[in-house]
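S.K.: Fold the stuff below for me.
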Amino acid sequence: MSYGFEMNTFNIHDGFPEATVRALGKSFLREADYESLRRAANLSEFHTLLAETDYGKYINDMPDAANLDVNDLKRRLYSKLRDEIEYLTGQASEPLSGFLQQMMHCYQIENVVSYISGVRTNLNPEIIKASMNPLGEF
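M.R.: Sure, this is the predicted structure:
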């Protein structure tokens with residue numbers, strides 16, 4: 001039977017991670033951002049629109065507009081999410097930190113399977129690594 005006493009220690013264990021999640025929520029793309037991205041005529045315009053958001057620090061050092069690579073852009077966007085999850089995991093205590101780590105296991109397994117499949121088909125290991133999902137890096 002619970003009497004609500006767990007709220008006495010909530011901030012000790014979960015206060016900072018909750019504040020972190022709330023702060024990260026402020027960086028989500030808004031409906032107007034999505035509408036602008038949907039209207040982008042090409043990848044260069046898409047990149048320019050994203051550079052004005054919190055994704056900017058992850059994509060600003062990409063090559064010039066003529067040489068943009070969709071896979072590189074996608075990898076950088078996933079890297080932002082990975083960095084945020086890693087930060088949150090580092091700030092959280094159990095059971096939240098364990099849950100966040102387990103959440104990443106499916107991406108890690110996917111990367112291992114992709115690597116094995118690529119090696120089996122004699123693909124260059126550097127190409128295989130470049131195509132892996134950053135969420136599954138370990």
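
S.K.: so what's L24 closest to, chain neighbours aside?
M.R.: E84 (5.6 Å; CB to CB, 6 or more residues apart in numbering). The C-beta positions use only the backbone N, C-alpha and C, and glycine is treated the same way.

S.K.: Check the burial of the one you found by counting its neighbours.
M.R.: E84 sits with 16 neighbouring residues when counted by other CB atoms under 10 Å.

S.K.: and if you look at L37?
M.R.: 14.

S.K.: what do you get for the one 5 residues further on?
M.R.: Other residues near N42 come to 10 when the count uses other CB under 10 Å.

S.K.: again, but for T53
M.R.: Neighbourhood size, T53 [other CB under 10 Å]: 18.

S.K.: list the contacts for it?
M.R.: 27, 29, 33 (CB atoms under 8 Å, 6 or more residues apart in numbering).

S.K.: cool, F16 as well?
M.R.: So F16 contacts Q91 (CB under 8 Å, 6+ apart).
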